[in-house]
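K.L.:
Pasted the sequence and its predicted model underneath.
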Amino acid sequence: VIAGLAPAVPVVDLTHQIPPFEVRAGALTLWRVAPWLAPGVILAVVDPGVGTPRRAVAVEVASAGAFLVGPDNGLLVPAAHRLGPLTAAVDLGQGPGATFDGRDVFAPAAARLASGADMTSLGPSVDPATLVGEPVELSGVGEDGAMRCEVLWVDRFGNVELDADAAAVARLKTNLVVGGRPARWVRAFGDLDPSELGVYLDAFGVVALCCNRGSAADLAGVRAGDEVTLAAAPGQAR
Amino acid sequence: VIAGLAPAVPVVDLTHQIPPFEVRAGALTLWRVAPWLAPGVILAVVDPGVGTPRRAVAVEVASAGAFLVGPDNGLLVPAAHRLGPLTAAVDLGQGPGATFDGRDVFAPAAARLASGADMTSLGPSVDPATLVGEPVELSGVGEDGAMRCEVLWVDRFGNVELDADAAAVARLKTNLVVGGRPARWVRAFGDLDPSELGVYLDAFGVVALCCNRGSAADLAGVRAGDEVTLAAAPGQAR
Amino acid sequence: VIAGLAPAVPVVDLTHQIPPFEVRAGALTLWRVAPWLAPGVILAVVDPGVGTPRRAVAVEVASAGAFLVGPDNGLLVPAAHRLGPLTAAVDLGQGPGATFDGRDVFAPAAARLASGADMTSLGPSVDPATLVGEPVELSGVGEDGAMRCEVLWVDRFGNVELDADAAAVARLKTNLVVGGRPARWVRAFGDLDPSELGVYLDAFGVVALCCNRGSAADLAGVRAGDEVTLAAAPGQAR
């Protein structure tokens, strides 16, 4: 559909591996990679509410030169906020009776935006503050010196992304305790011994648990949605 | 290979997930999406007979501006007929001794067609009526008022495509019986209660069973190849 | 990243299905397809040593018009040698602290090479002879008339690629013994009876075991890394 409407526009096909109906998994995937997608038009569809009155929207983040197109169900907002302030949004309306809005509503809108169309030509303006979804809030250090983090994602290598503020982790010491287990703040997998748990800033700029050629999720015994406490190990010199 | 022969031709890579050797699954996938691929050159390969005397062919559907390229084993004919009358076909000949006709026979032919070559320059003409495979015949309402349908496909969400004529289903009532279970003719998933079975016209224009955030195949207890009977539920006002 | 740096360069996305950390599987996949990728820039990443002092490199094979870009861990060398003599190499240096060298080191280097940059502008020259990895050495016929081969790969159809020299296999007779089982040298799958084991030159120019619509790996009881002995069946006329 995009090739038909905008043949000169290059399309980069990122992934079709978001589990069915898992809006949050899709939203976090998009949030993770958004900085490397802008400037451009970002089209995403995880859409269990297709056919219901949920809105179809396009969102502009002018400072990043980015438009995000998809269902208004929380999929787009975390990524949009990571790119910058939301400057405008429009309601793309309902599809023509079919249920493949990715093809019939979102792809045409993305093609038009990528061809330089004014976003306001795609539908009536809506207040970006009314969009469904929240920015990802990163956990900081609590009064007891510990960070209470949520496991955002476990990738196919077993690396474990946390919603932890990287600067806060860095202010803790190199030797950490993660869910009761010793762990070490490292620059990369390769700095770890085989069964050692590491904490690092991953390639998406997200704090993550890792280990060297193995699954940190298995080692730490955690999965997406779990809470993980991160703290400095006792007995380190300041 | 296509990029080498026709660097300016955009290639859209649709899927590599047809199960090995399953020509019918491939043929039905192509049939499903064909209306959104034309005009253009459609290359498809599911080819258990590679290396046998099965023909390699290109088929023209002039009214759709479409060419289909692949093995003459039933893969292309359902999609071609959905696009329009088959206007011409050629025999592309045998590959150069290797067994990767997708790379060595079909891709070069597709690249040449996409570059504007006359199809007759690719090989001797063959009568389209001799091509292997049949159009998909949609089931209508039988004399007893019931539709006997085959399950064509279960997608990864559990939606169940049937070979049912949509107009015939629509002439039945809103309340249906599908394989003995109550079901409701709906416009979209979202109109259903969680454990309710629905029948709808899916995004490919195919009649399908669905449910709201679940697997209709599991709910109805059916899989590809099964026969499913569809009828109006008794007791509805005309 | 490539689209940002070199928007006019077409990118062909080959596979993301190499198992995590399996450098040899990646190296053999690249070796298999390399003749159909050149001329061009070949970017590959299977990189368990990311973040360790392993080098990031670009390698030139001038006779093939090819550059290979990736980690210096054995991934690139088999494919490079299949394309021709290695004419030059450079060290691309370390990434900027993140651990996604595919995005931050290799993709930018590949984009620059594809845009016509001189390879020496990407980093200091290194001697190609110091690159990690060896060419694939094909097995010939031993003094006892048998070929001792390693299973390089089993594809998703169950075809079994061996590191056997094709000319040597062809000098054996049509009737073979493979791991004690009778097998036949054939041109293609279709020449085999259903439960018969075949040996053929596959579409990548590699000697492989096959059968007709089934898994040769299951039939022969072998998997990647196994040794398989291949010999002429006794009693054939010379």
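P.N.:
Sure thing, it's come through. Predicted model only: the values in this text are computed from it and were never measured. Residues are numbered from 1 along each chain as shown, chains lettered A, B, ... in the order given.

K.L.:
what helix or strand is the nearest residue to A:Phe21 once chain neighbours are set aside on?
P.N.:
Distances taken as C-beta to C-beta, 6 or more residues apart in numbering or on different chains put A:Pro48 closest to A:Phe21, at 4.2 Å, once the chain neighbours are dropped. Placement of C-beta: from N, CA and C, glycine included. Secondary structure assigned from DSSP states H and E places A:Pro48 in neither a helix nor a strand.

K.L.:
ok, now how distant is A:Pro48 from B:Trp185?
P.N.:
A:Pro48 sits at a distance of 21 Å from B:Trp185 (criterion: C-beta to C-beta, to the nearest Å).

K.L.:
Show me which residues of chain A are close to chain C?
P.N.:
If contacts are counted using C-beta under 8 Å from any C-beta of the partner chain, the residues of chain A sitting beside chain C are A:10, A:12-13, A:36, A:156-157, A:187-191, A:200-205, A:213.

K.L.:
Does chain B have contacts with the longest helix belonging to chain A?
P.N.:
What stands out as the longest helix in chain A, according to DSSP state H, is helix A:23-37. No - applying C-beta under 8 Å from any C-beta, one finds helix A:23-37 out of contact with chain B, separated by at least 11.2 Å.

K.L.:
all strands of chain A, in order?
P.N.:
Listed in chain order, the strands of chain A (DSSP state E) span A:40-43, A:56-61, A:66-71, A:88-91, A:125-126, A:147-154, A:160-162, A:175-178, A:181-185, A:198-201, A:207-210, A:227-232.

K.L.:
Reformat these as CSV; add mean neighbour count.
P.N.:
As requested, the strands of chain A are arranged in CSV below (neighbours: other C-beta atoms under 10 Å in any protein chain shown):
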stretch, mean neighbour count
strand A:40-43, 22
strand A:56-61, 25
strand A:66-71, 27
strand A:88-91, 20
strand A:125-126, 14
strand A:147-154, 21
strand A:160-162, 26
strand A:175-178, 20
strand A:181-185, 17
strand A:198-201, 24
strand A:207-210, 27
strand A:227-232, 19
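
K.L.:
List buried residues within the residues of chain A next to chain C.
P.N.:
Neighbour-count burial (16 or more other C-beta atoms under 10 Å in any protein chain shown) applied to the residues of chain A next to chain C gives A:Pro10, A:Phe157, A:Ala188, A:Phe189, A:Gly190, A:Asp191, A:Tyr200, A:Leu201, A:Asp202, A:Ala203, A:Phe204.

K.L.:
Let me have these in CSV, extended by distance to A:Ser121 and pLDDT.
P.N.:
As requested, these are exported to CSV (distance: C-beta to C-beta, whole Å; pLDDT from 0 to 100):
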residue, distance to A:Ser121, pLDDT
A:Pro10, 22, 88
A:Phe157, 43, 85
A:Ala188, 47, 76
A:Phe189, 48, 76
A:Gly190, 51, 75
A:Asp191, 52, 82
A:Tyr200, 45, 91
A:Leu201, 41, 89
A:Asp202, 39, 87
A:Ala203, 37, 83
A:Phe204, 34, 88
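
K.L.:
farthest pair in those?
P.N.:
Between any two of those, the greatest separation by C-beta to C-beta is 37.3 Å, found for A:Pro10 and A:Asp191.

K.L.:
which residues touch A:Pro182?
P.N.:
Under the criterion of C-beta atoms under 8 Å, 6 or more residues apart in numbering or on different chains, the neighbours of A:Pro182 are A:Asn175, A:Leu176, A:Leu197, A:Ala233.

K.L.:
just A:Ser121 next, same as before
P.N.:
Applying C-beta under 8 Å, 6+ apart, we find A:Ser121 in contact with A:Arg112.

K.L.:
Tell me the spacing between it and chain B.
P.N.:
Here the criterion is C-beta to the nearest C-beta, to the nearest Å. By it, A:Ser121 lies 24 Å from chain B.

K.L.:
Distance-wise, check the closest residue to A:Ile2 other than its chain neighbours relative to chain B.
P.N.:
The shortest distance from A:Ile2 to any residue that is not its chain neighbour, by C-beta to C-beta, 6+ apart, is 4.5 Å, and that residue is A:Ala111. Taking C-beta to the nearest C-beta as the measure, A:Ala111 and chain B are separated by 13 Å.

K.L.:
What count of nearby residues applies to A:Ala111?
P.N.:
The burial metric for A:Ala111, expressed as a neighbour count using other C-beta atoms under 10 Å in any protein chain shown, is 22.

K.L.:
ok, now the one 3 residues further on?
P.N.:
Other residues lying near A:Ala114 total 20 when counted by other C-beta under 10 Å.

K.L.:
hang on, it packs against A:Ala6?
P.N.:
Yes - proximity of A:Ala114 to A:Ala6 meets the contact threshold set by C-beta atoms under 8 Å, at 5.4 Å.

K.L.:
Skipping adjacent residues, who's closest to A:Val178 in space?
P.N.:
Once its chain neighbours are removed from consideration, A:Val178 has its nearest residue in A:Leu230; the separation is 5.4 Å (C-beta to C-beta, 6+ apart).

K.L.:
whoops, I mixed them up, A:Gly158
P.N.:
Taking C-beta to C-beta, 6+ apart as the measure, A:Gly158 lies nearest to A:Ser215, with 2.5 Å between them; neighbours along the chain are not counted.

K.L.:
Check A:Ala44 too.
P.N.:
Once its chain neighbours are removed from consideration, A:Ala44 has its nearest residue in A:Gly70; the separation is 4.5 Å (C-beta to C-beta, 6+ apart).

K.L.:
how far away is that neighbour from A:Val77?
P.N.:
Taking C-beta to C-beta as the criterion, A:Gly70 is separated from A:Val77 by 10 Å.

K.L.:
and if you look at A:Leu30?
P.N.:
Taking C-beta to C-beta as the measure, A:Leu30 falls 10 Å from A:Val77.

K.L.:
any idea how far the residue nearest to A:Ala44 is from A:Ala107?
P.N.:
From A:Gly70 across to A:Ala107, the span is 11 Å (C-beta to C-beta).

K.L.:
any common contacting residues for these two?
P.N.:
Contacts common to A:Gly70 and A:Ala107, judged by C-beta under 8 Å, 6+ apart, are A:Leu43.

K.L.:
Only alpha carbons, please: show stretch A:180-196 as PDB.
P.N.:
Below are the C-alpha coordinates for stretch A:180-196, written out as PDB (Å, rounded to 0.1, in the frame of the first residue of the first chain):
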ATOM      1  CA  GLY A 180      19.400 -10.300  46.600                       C
ATOM      2  CA  ARG A 181      22.100 -11.500  44.200                       C
ATOM      3  CA  PRO A 182      25.500  -9.800  43.800                       C
ATOM      4  CA  ALA A 183      25.900  -8.100  40.500                       C
ATOM      5  CA  ARG A 184      28.400  -5.800  38.900                       C
ATOM      6  CA  TRP A 185      28.000  -2.500  36.900                       C
ATOM      7  CA  VAL A 186      29.900  -3.200  33.700                       C
ATOM      8  CA  ARG A 187      30.400  -1.600  30.300                       C
ATOM      9  CA  ALA A 188      29.700  -4.700  28.300                       C
ATOM     10  CA  PHE A 189      28.900  -8.500  28.500                       C
ATOM     11  CA  GLY A 190      32.500  -9.300  27.900                       C
ATOM     12  CA  ASP A 191      33.700  -7.800  31.200                       C
ATOM     13  CA  LEU A 192      31.800 -10.500  33.100                       C
ATOM     14  CA  ASP A 193      32.800 -13.900  34.300                       C
ATOM     15  CA  PRO A 194      30.500 -16.700  32.900                       C
ATOM     16  CA  SER A 195      28.000 -17.000  35.700                       C
ATOM     17  CA  GLU A 196      28.300 -13.400  37.000                       C
END
